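Asks: Just to be clear, the model below is a prediction. Sequence and coordinates:
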Protein chains: 2
Amino acid sequence: MKIKPLAAALAALGVGVCFGVQAAPDELREKAKVIIQPIEPAKIDHPAKVDLGRQLFFEPRLSMSGIISCNTCHNLSLGGVDNLKTSIGHKWQPGPVNAPTVFNASLNFVQFWDGRAANLQEQAAGPIQNPIEMGMPHTLAVAVLQSIPGYVDEFKKIYGTDQIAIEQVTDAIAEFEKTLVTPNSRFDKWLKGDDKAITAEEREGFRIFYDSGCIACHNGPNLGGNSFQKIGVVEPYKSTSPAEGRAAVTKKDEDRWYFKVPTLRNVELTYPYFHDGQAKTLEEAVTLMGRLQLGRTFTDDEVKKVVAFLHTLTGERPQMPLPLLPPSGPNTPRPDPFK
Amino acid sequence: MKIKPLAAALAALGVGVCFGVQAAPDELREKAKVIIQPIEPAKIDHPAKVDLGRQLFFEPRLSMSGIISCNTCHNLSLGGVDNLKTSIGHKWQPGPVNAPTVFNASLNFVQFWDGRAANLQEQAAGPIQNPIEMGMPHTLAVAVLQSIPGYVDEFKKIYGTDQIAIEQVTDAIAEFEKTLVTPNSRFDKWLKGDDKAITAEEREGFRIFYDSGCIACHNGPNLGGNSFQKIGVVEPYKSTSPAEGRAAVTKKDEDRWYFKVPTLRNVELTYPYFHDGQAKTLEEAVTLMGRLQLGRTFTDDEVKKVVAFLHTLTGERPQMPLPLLPPSGPNTPRPDPFK
Ligand code: HEC
Ligand code: HEC
Ligand code: HEC
Ligand code: HEC
Ligand SMILES: [Ca+2]
Ligand SMILES: [Ca+2]
C-alpha cells in the first residue's frame, strides 16, 4: 500500500520514466519469448544423406535443359531465393508466383503458398517435373541418376538398393533442406538476453510490430509459416496474379486469397514481397500489411522502424562446400533445352 | 661387346619381351615428359582477391535477368562447362559456340575459340555485357556492385578505392580463375613415375595418341591451348555453325576454320565436343580427329583405347566453399529478365 504513493511521487519527479526505460526491454522480450522462438542450429542425423541431398539440390542434370537446378531459383549464395517477381524456369517461362526461401522452410507447417504439400519431401516432387520449372519427367530424372555411377554408389550406401527411386531423391533433398536454418540473427540474440544485439530504433520497430498486431499472424520460430491467412483482411489486395491461394487446394470459395503466412526470417534478402512479388521493398510491404491486414496507416517513421526491426531477422546463412557432382556415365541421357 | 650376344640369347628365350615390357613404360614416359607437363596446384598470392573473384563468378546480379552467373555456363560442380551443344543465355537465347571449360583455362595461350582475348582478365569483360550471355551493360553491372555495401568494402580493401571499376571486377574474376586448376590426374601421376596410376589399356591408348600424331597439336600442360589449328586438315569438317574461327579476328581468309586447340584435360567432363558441340561422345570426337586431322581410320579397338587414355586426364577439381554473397542495398538496381 505504501508502494503506490511512492511510485506516484517518483513519477511526479520524472523518475518513473527512467524506471520505465530500464524495465521495458525485459518486459517486451518476455512477451516476445512467449510467441517467437529463436532458430536453433540444425542437428544432422545422417550426414551422408545431407551430402547427397546437397548434390541433388545443385544438380542441373535433373532438369530437361541441363542448366536449371533447385539452386537456380533458391540460390543459397543469396537468400535461398531468385529475387525475381516471379521465377523464370524452363525455356524462360515465367512462373505464376514468387519463389519463397528454402531457408528455414523446414519450420513451416506446410509447403507452397497454398500449402498443397504437407512437407519438404512431398514438396520436392513438384519442381523437377513441373513443365515451367525444371521440365523433367520423374522417370527421366531417375534414369539420369541411375546412369551416373557415382550416384548409384551413394544411393546404394544410403538406401541399400541398386535401383534409385524418386522417393529417395526427394528424401535426400528434404534431409539437406532441414539443415538450411539460419540461427544467431541479431533478433534471436536479443531474445536470448543480449540487450546490445539490437539498437533502440530496431527495438522500437519490434514494439510497433508487436503492439499493432503483426504478431498475430507472424509468430512462432519463423515469424510466420504456421497458418493460412487472407491477404486483404480489412481492405482488398489488388493483384493481376492468377493465384487464388488456399482455395486452389480446398476448392472452397471462402478460402480464396488465403495464403500461407510467409516467414519473416531473412526477409531483408527475400525481396520482392508477397505471393505475386508485387511489393518491391520492405517499406512497401510493411505499409500495405498495416493497411490491408490491420486497417492501420503507419507514419513514415513507423515504417522505417518496423523495417529496421525486420533487418534484425537476418540470420547466419549456412556455410557449405560447393558440391562436386559425379561425372556422367557413357549412357547418361543428354539435356534437351528446347524440348 | 658381351652384352649384345647376351641380349640376343635372352631374346631367343623370350626373355627380351619381358625386358621390353619393363623398359617400355619409361621410354614412352620419357618421350611424353618432353612435351606434356603435369598440372601443378595453384599458388595463391592474394587470397582476398580470389575470394572476391569467386563471389563475382557466382554472382547472378551481374546479369540483366538476375539468374545467370559465370557458373551457369561454367558450372564448377561439373566440369566447368554446361554440357550443352551451345550455351543458353539471357532470355534462353542459344549461343553460337560450345562453352569451353574454365578449368585450367589460365594455361591457355589466349582465350576463346578464336583467341580474341589475350588473357583471362580481357576475356571476363565479354560475357557480362554480351546480349546473349548475361545481357548486362558494364555501367549497370558496376552500379549494382557499387550499391551493395559488402562489395564496396571488399573492393576498397583490395583496390584501395571507393569507386568500383570494371577492370577491378575482371581482375578479381581472373585471379579466381587462376586457382581453377586440376592437378593429380592419373595421367599426371603416371608422368611423374607412378606406373600403377594407369592401366595397360590406357597406356596403350596414350601410345596410339602419341604415335599417330595427336600430340602434334595436343601438347603442353593442357594437351592443347597453345596454338591455333585448322579443323579439317586432311578432310573438311562439316558444320552448320556460323563460327569461322581465327578468321573472325584476323579477317584473313586463310585463317578460316582455325580454332584454338582445346585442352584435353578433364575432357571426360566437357562433352559435347568441338566448337559447335556437334560430337556427342569422345568416341565420335576421336574418330573424327583421326580422319580429319591425320587421315587415319582408327579401328573400334584403337578408339576405345584412346578414349580410355583420355579418361586418365580427369584431375582433381578444386574444392571450395559455396560463396555467400553480400546482401543487396536499398538502391540496388533490380533484375529485369525480359529486358
Ligand atoms: C524455376 C524456379 C524454381 C525451381 C527450379 C525450383 N523452385 Fe522451389 N519454388 C519455386 C516457386 C515459384 C515456389 C512457390 C510455388 C508455390 O507456392 O506455388 C517454390 C516453392 C518451394 C518450396 C516451398 C517453400 C515454402 O515456404 O512454401 C520449397 C521447399 C522449394 N520450392 C524447394 C525446391 C527444391 C528442392 C527444388 C528442386 C528440386 C526447387 N524448389 C526448384 C521456384 C522454383
Ligand atoms: C491477418 C494476418 C496478417 C497480419 C495481421 C499481418 N500479416 Fe504480414 N502477411 C500475411 C500474409 C497472409 C502474407 C502473405 C500475403 C501474400 O503474399 O499474398 C504476409 C506477408 C508479409 C510480408 C511479406 C513477406 C514476404 O516474404 O513476401 C511482410 C514483410 C509482412 N507480411 C509484414 C507484416 C507486418 C509488418 C505486419 C503488421 C503491420 C503484418 N505483416 C501483419 C498475414 C498477416
Ligand atoms: C551464357 C553462357 C555463358 C556465360 C554466362 C559465361 N560464359 Fe564464358 N563462355 C561461354 C561460351 C559459349 C564461350 C566460348 C565463346 C567463344 O569462344 O567465342 C565462353 C568462353 C569463356 C572462356 C574462354 C575459355 C577458353 O578456353 O577459351 C572463359 C575463361 C570464360 N568463358 C569465363 C567466363 C566468365 C568469367 C564468365 C562470367 C563473367 C562467363 N564465362 C560467363 C559461355 C558463357
Ligand atoms: C592438326 C591439329 C590437330 C591434330 C593433329 C589433332 N587435333 Fe584434336 N583438335 C584440334 C582442334 C583445332 C580441335 C578443335 C576443333 C573444333 O572444335 O572445331 C580439336 C579438338 C579435339 C577434341 C575435342 C575437345 C573438345 O573439348 O571439344 C578431342 C577429343 C581431340 N581433339 C582429340 C584428338 C585426338 C585423339 C587426335 C589424334 C587422333 C587429335 N585430336 C589430333 C587440333 C588437332
Ligand atoms: Ca519474396
Ligand atoms: Ca565441350
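Replies: Perfect, I can see it now. Source: prediction; values computed, not measured. Ligands and ions are numbered 1, 2, ... in the order given.
Asks: what about the residue of the stretch 101-250 of chain A found nearest ligand 4, how many neighbours?
Replies: Of the residues in the stretch 101-250 of chain A, the one nearest ligand 4 is A:I148, at a distance of 20.1 Å by C-beta to the nearest ligand atom. C-beta here means a position set from N, CA and C on the backbone, and glycine is covered the same way. Neighbour count of A:I148, defined by other C-beta atoms under 10 Å in any protein chain shown: 21.
Asks: Contact partners for it?
Replies: A:I148 is in contact with A:R61, A:P326, A:P327, A:S328, A:G329, A:T332, counting by C-beta atoms under 8 Å, 6 or more residues apart in numbering or on different chains.
Asks: nearest spatial neighbour of A:R334, skipping sequence neighbours?
Replies: Take A:R334 and drop its neighbours on the chain: the residue closest to it by C-beta to C-beta, 6 or more residues apart in numbering or on different chains is B:K280, 6.9 Å away.
Asks: Hmm, that neighbour is touching A:P335, no?
Replies: No - B:K280 is beyond contact range of A:P335, at 11.6 Å (criterion: C-beta atoms under 8 Å).
Asks: So which of those two has more stuff around it?
Replies: Neighbour tally, B:K280 and A:P335, criterion other C-beta under 10 Å: the higher count belongs to A:P335, 22 against 13.
Asks: Now the more buried one. Its backbone dihedrals?
Replies: Recorded main-chain torsions at A:P335 are phi -70, psi 160, according to degrees, to the nearest 10.
Asks: how about low-confidence regions in chain A?
Replies: Low-confidence regions of chain A, defined by pLDDT under 70, span residues A:1-25.
Asks: And the strands in it?
Replies: For chain A, the strands defined by DSSP state E occupy A:228-230, A:258-260.
Asks: And the residue of chain A that's closest to chain B?
Replies: Among the residues of chain A, A:W92 lies closest to chain B, at 3.9 Å counting by C-beta to the nearest C-beta.
Asks: Count the residues that sit near that residue.
Replies: 17.
Asks: Assess the claim that it and B:G135 are in contact.
Replies: No - with contact defined as C-beta under 8 Å, A:W92 and B:G135 do not form a contacting pair (11.9 Å).
Asks: got any residues that touch both of those two?
Replies: Joint contacts of A:W92 and B:G135 (C-beta under 8 Å, 6+ apart) are B:K91.
Asks: Which residue does the stretch 1-150 of chain A have closest to ligand 4?
Replies: A:G66 (16.7 Å).
Asks: and the gap between the nearest residue to that residue once chain neighbours are set aside and B:E167?
Replies: Leaving aside its chain neighbours, A:G66 sits nearest to A:P335 (2.6 Å; criterion: C-beta to C-beta, 6+ apart). The span separating A:P335 from B:E167 equals 35 Å under the rule C-beta to C-beta, to the nearest Å.
Asks: before we move on, the earlier item: B:P236 is nearest to which of the strands of chain A?
Replies: strand A:258-260 (61.0 Å; C-beta to C-beta).
Asks: Leaving out sequence neighbours, find the closest residue to whatever residue of the stretch 151-300 of chain A ends up closest to ligand 3.
Replies: Distances from the stretch 151-300 of chain A to ligand 3, computed as C-beta to the nearest ligand atom, single out A:L269 as the nearest residue at 22.5 Å. With C-beta to C-beta, 6+ apart as the criterion, A:L269 has its nearest non-adjacent residue at 2.7 Å, and that residue is A:G79.
Asks: show me the contacts for the residue nearest the centre of chain A.
Replies: Nearest to the centroid of the C-alpha atoms of chain A, with distances taken as C-alpha atoms, centre = their mean, sits A:T101, at 3.9 Å. With contacts defined as C-beta under 8 Å, 6+ apart, A:T101 is in contact with A:H74, A:G79, A:G80, A:V81, A:T263, A:R265, A:N266, A:L269, A:T270.
Asks: What about the fifth one, how many residues nearby?
Replies: Going back to what we said before, that points to A:T263. 25.
Asks: do the same with the fourth one
Replies: A count of neighbours around A:V81, defined by other C-beta under 10 Å, yields 23.
Asks: which residues are there in chain A that come within reach of ligand 1?
Replies: A:68, A:70, A:72-74, A:87, A:89, A:95, A:97, A:99-100, A:102, A:105, A:108, A:111-113, A:120, A:123-124, A:127-128, A:133-134, A:173 (C-beta under 6 Å from any ligand atom).
Asks: Kindly check the end-to-end length of stretch A:332-339 for me.
Replies: 17 Å (C-alpha to C-alpha, to the nearest Å).
Asks: could you check whether that stretch is close to ligand 3?
Replies: No - judged by C-beta under 6 Å from any ligand atom, stretch A:332-339 makes no contact with ligand 3; its nearest approach is 11.5 Å.
Asks: Residues contacting that stretch, please?
Replies: The contact list for stretch A:332-339 (C-beta under 8 Å, 6+ apart) reads A:60-61, A:63-67, A:91, A:135, A:140, A:143-144, A:147-148, B:83-84, B:88, B:92, B:94, B:272, B:280.
Asks: Contact partners for the residue nearest to A:L269?
Replies: The neighbourhood of A:G79, defined by C-beta under 8 Å, 6+ apart, consists of A:T101, A:F103, A:N266, A:E268, A:L269, A:T270, A:R317, B:P327.
Asks: which one of those sits closest to A:F206?
Replies: Once C-beta to C-beta is applied, the member of these that ends up nearest A:F206 is A:E268, at 14.6 Å.
Asks: so how far is B:G205 from the nearest residue to A:I35 once chain neighbours are set aside?
Replies: Setting aside the residues directly before and after it, A:I35 is nearest to A:N219 in space (C-beta to C-beta, 6+ apart), at 4.3 Å. Separation of A:N219 from B:G205 (C-beta to C-beta) stands at 65 Å.
Asks: Next: A:A105.
Replies: From A:A105 across to B:G205, the span is 48 Å (C-beta to C-beta).
Asks: Brilliant, that's me finished.
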